[in-house]
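Colleague: need a structure here:
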Amino acid sequence: MAMNREWADKDYYADLGVSSSASADEIKKAYRKLARENHPDQNPGDKKAEDRFKKVAEAYDVLGDEASRKEYDQLKSMIGSGGFPRFGGGGGAGSPGGFRETSTEYDFSDIFGDGSSGGFSSDGGFGDIFGGLFNRSGGTSRSARPTRGSDVETEITLDFREAAQGTTIPLELSGEAPCTTCHGSGSRSGKTTTCSVCSGSGFVSEQKGAFGMSRPCTNCGGTGQVIEDPCPTCSGRGTVHRTRSITVRIPAGVIDGQKVRLAGQGEAGPNGTPAGDLFVHVHVRSDKVFTRSGDDLEVTVPVSYHELVLGGTVTVPTLDKHVKVKIPAGTPNGRTLRVRGRGVPKQSGQAGDLLVTVDVQIPKDLDPAATSALRTYAQAEKDSGYNPRRGWAGAN
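Modeller: Numbering: from 1, shown residues only. Prediction:
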């Protein structure tokens with residue numbers, strides 16, 4: 001994932017409520033907690049909770065990936081140290097070298113490559129600029145060539161049980177894929193030569209006033225290499241636009257709105273560079289039987305009055321099979337019984353719990369025998385002195 005300008009204004013650690021030194025496990029736990037609390041299913045119609053859920057998901061998308069977190073930390077560190085003041089043309093008073101500061105805010109448009117001639121600009125965005133800056137010192141060579149293919153985003157909709165248990169689905173993606181003729185090299189023979197214009201650096205320099213500016217070499221496209229015999233199929237790019245089919249494994253326990261990152265499944269990079277990533281936005285359909293509370297599975301089971309009074313055993317569905325749940329005698333209506341380990345699978349290999357809520361059902365039509373028996377019971381209950389409203393609202 002390449003750096004982007006939005007990172008400069010975001011505090012993803014604050015969004016997750018963790019410190020910048022938090023471990024990967026702490027970040028994951030914070031994300032899961034906040035995602036559960038602010039999930040749209042738990043807060044229907046609450047726009048603030050929905051916005052908070054999206055903000056938390058965005059923060060975890062960056063901090064939950066080791067490479068992206070490292071780039072984000074580098075960017076925030078350089079901003080915090082004043083490493084990126086506004087780039088101006090003439091340089092104001094007290095601003096040596098042409099750097100110009102406006103109030104306490106900085107204009108990042110030039111370093112982000114927003115079309116300014118002579119500046120660094122590539123499809124890779126700010127991440128590629130950082131790569132060039134960090135590699136200039138110590139005599140290490142740098143290149144303006146794209147370092148990877150583009151990321152791809154797609155959306156899928158899963159049934160509740162597919163999302164809870166995990167599933168494998170086929171996807172069709174259209175985009176840049178390696179050329180099968182030249183195997184991604186872009187060359188008919190697979191050979192390249194050093195560019196004579198930039199001497200293999202990928203950049204050419206020009207003087208603009210007091211500054212020496214560099215820009216990607218147009219002769220080699222910033223790669224530093226020239227293909228003398230371009231592949232006739234891809235015209236030397238190494239990639240062709242086509243539709244491809246892949247099989248995607250969705251892990252167990254994904255929630256509605258979650259984004260799953262699949263490294264290396266995005267568009268192929270030019271001339272054999274690594275592919276980008278695939279980001280799958282997951283939508284989950286509601287279920288007629290189950291709901292979720294984090295990793296716990298919730299189900300409401302209909303019961304009769306006598307099952308609560310006398311106790312009994314009921315058969316309850318889970319994600320994979322039915323289990324028997326014992327109802328203790330005297331269980332009140334609406335009580336929730338917990339069955340350990342029968343909920344949603346966790347990444348640790350364990351599972352949440354099954355939460356079974358009993359809901360008594362009142363029969364609408366009784367035959368004469370049942371009605372007579374019920375009247376007999378009612379009279380016996382009254383004779384025993386039982387009064388369900390004793391002590392309620394001042395009743396005796």
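
Colleague: what sits against the residue positioned nearest the centre of the chain?
Modeller: In the chain, the residue lying closest to the centroid (CA atoms, centre = their mean) is residue 259, at 3.0 Å. Going by CB atoms under 8 Å, 6 or more residues apart in numbering, residue 259 touches 57, 61, 279-282. (C-beta placed from N, C-alpha, C; glycine too.)

Colleague: just the ones of those in strands?
Modeller: Judged by DSSP state E, the subset of the contacts of residue 259 located in strands is 279-282.

Colleague: excluding sequence neighbours, find me the nearest residue to residue 27.
Modeller: residue 63 (5.2 Å; CB to CB, 6 or more residues apart in numbering).

Colleague: TSV for the ones in strands among the contacts of residue 259, including pLDDT and neighbour count?
Modeller: Formatted as TSV, the ones in strands among the contacts of residue 259 follow (pLDDT from 0 to 100; neighbours: other CB atoms under 10 Å):
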residue	pLDDT	neighbour count
279	92	18
280	92	20
281	92	15
282	93	18
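
Colleague: low pLDDT regions in the stretch 201-350 of the chain?
Modeller: Low-confidence segments of the stretch 201-350 of the chain (pLDDT under 70): 208-212.

Colleague: can you pull out the helices in it?
Modeller: 305-310 (DSSP state H, counting those that start in this stretch).

Colleague: show me where it has its strands.
Modeller: Per DSSP state E, counting those that start in this stretch, the stretch 201-350 of the chain carries strands over the ranges 203-208, 211-216, 225-226, 239-250, 259-262, 278-284, 290-293, 296-303, 312-317, 322-327, 336-339.

Colleague: which SS state does residue 375 fall under?
Modeller: Classification of residue 375 using DSSP: H, G, I helix; E, B strand; the rest coil returns helix.

Colleague: closest to residue 21 out of the strands of the stretch 201-350 of the chain?
Modeller: strand 259-262 (23.4 Å; CB to CB).

Colleague: buried residues in that closest one?
Modeller: For strand 259-262, burial by neighbour count (16 or more other CB atoms under 10 Å) applies to 259, 261-262.

Colleague: ok, it: who's next to it in the sheet?
Modeller: Its sheet considered, strand 259-262 pairs with strand 278-284 (antiparallel) by DSSP bridges.

Colleague: what residues are up against residue 28?
Modeller: Taking CB under 8 Å, 6+ apart, we find residue 28 in contact with 60, 64.

Colleague: strands of the stretch 51-200 of the chain, start to end?
Modeller: 152-158, 167-178, 193-194.

Colleague: name the helices or strands packed onto the last one?
Modeller: Read it as strand 193-194. strand 225-226 (3 or more CB pairs under 8 Å, 6 or more residues apart in numbering; DSSP states H and E).

Colleague: what does the strand it packs on contact?
Modeller: Strand 225-226 has contacts (CB under 8 Å, 6+ apart) with 192-196, 200, 219-220, 271.

Colleague: what do you get if the cut-off is 10 Å, keeping everything else the same?
Modeller: 143, 145, 186-187, 191-198, 200, 202, 217, 219-220, 236, 271 (CB atoms under 10 Å, 6 or more residues apart in numbering).

Colleague: any buried residues in stretch 279-296, and which?
Modeller: Buried-residue list, stretch 279-296, by 16+ other CB under 10 Å: 279-280, 282, 284, 290, 292-296.

Colleague: same check on stretch 268-275?
Modeller: Buried residues in stretch 268-275, counted by 16+ other CB under 10 Å: 268-273, 275.

Colleague: and those residues, which two are the farthest apart?
Modeller: The widest separation within the buried residues of stretch 268-275 (CB to CB) is 12.5 Å, between 271 and 275.

Colleague: okay, and the common contacts of those two?
Modeller: In contact with both residue 271 and residue 275: 184, 239, using CB under 10 Å, 6+ apart.

Colleague: quick check, residue 351 in contact with residue 297.
Modeller: Yes. If you go by CB atoms under 10 Å, residue 351 and residue 297 touch, sitting 8.6 Å apart.

Colleague: of these two, who's got more company?
Modeller: Between residue 351 and residue 297, counted using other CB atoms under 10 Å, residue 297 has the larger neighbour count: 26 against 21.

Colleague: ok, now which ones touch the closest residue to that one other than its chain neighbours?
Modeller: Nearest in space to residue 297, with sequence neighbours left out and distances taken as CB to CB, 6+ apart, is residue 343 at 4.1 Å. By CB under 10 Å, 6+ apart, the residues touching residue 343 are 164, 253, 290, 292-298, 318-319, 350-355.
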